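>>> okay, here's the prediction I keep looking at, along with the sequence it came from:
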Amino acid sequence: MYRFVYSVSLTPDTADGGYVVTCRDLPEAITQGETLKACVEAAEGALQAALEGRIEDELDIPLPSEPAPGEIAIAVPLQTALKAAVYLAAREAGISQSELAHQLGLDEKEARHLLDPGPLTRRLTTLERALALLGKHAELRVS
């Protein structure tokens, strides 16, 4: 099971005010905010960018660690979580992106957009089909 809810730390920024937001599982996800609400929104964006960058660079995506005292849990946006789940499942199965596209009956252009960072894939069902093909399924949990 993949779970894309990462714990972040908020450290007061004594020089400029507000907070610096960091994630020990994704050290490249660093941001800041003036308020708790601003920090949460900024953290979502930073985590999204970190995961999309790792997919683009074909790097490992660490699964989230258990929260440490004082950390807060931030869920990755759904579209990014689905893309990361497909990416990880394909890597585990040893299937390339082009082979996955072939098995899904997608043309080369559609295949490039399947895990492409950026705008929401027009058909989330394609991501769900890709997960099913790889023996996985997505579950939405609202808390």
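On my side now, so go ahead. Numbers count the residues shown, from 1 in each chain.

>>> so what's the residue count around the closest residue to Lys136 other than its chain neighbours?
Using Cβ to Cβ, 6 or more residues apart in numbering and skipping the chain neighbours, the partner closest in space to Lys136 is Ala89 (4.8 Å). Yep, even glycine has a C-beta here, placed from its N, CA and C like the rest. Using other Cβ atoms under 10 Å, Ala89 has 19 other residues around it.

>>> how about Ser98?
12.

>>> that one contacts Lys109, correct?
No - applying Cβ atoms under 8 Å as the test, Ser98 and Lys109 come out as separate, 11.9 Å apart.

>>> list the buried residues of the longest strand seen in the chain.
Looking across the chain with DSSP state E, the single longest strand is strand 5-12. For strand 5-12, a neighbour-count test (16 or more other Cβ atoms under 10 Å) marks 6-10 as buried.

>>> domain parsing for this structure?
Here the domain assignment for the chain is 5-75, 78-133, based on automatic domain parsing.

>>> gap between Gln97 and Gln79?
The gap separating Gln97 from Gln79 is 17 Å, by Cβ to Cβ, to the nearest Å.

>>> wait, Glu56
In this structure, Glu56 and Gln79 are 15 Å apart, going by Cβ to Cβ.

>>> neighbour-wise, which of these two wins?
Neighbour totals were compared for Glu56 and Gln79, and Gln79 leads with 17 against 12 (other Cβ under 10 Å).

>>> I'm done for today, thanks for sticking with me.
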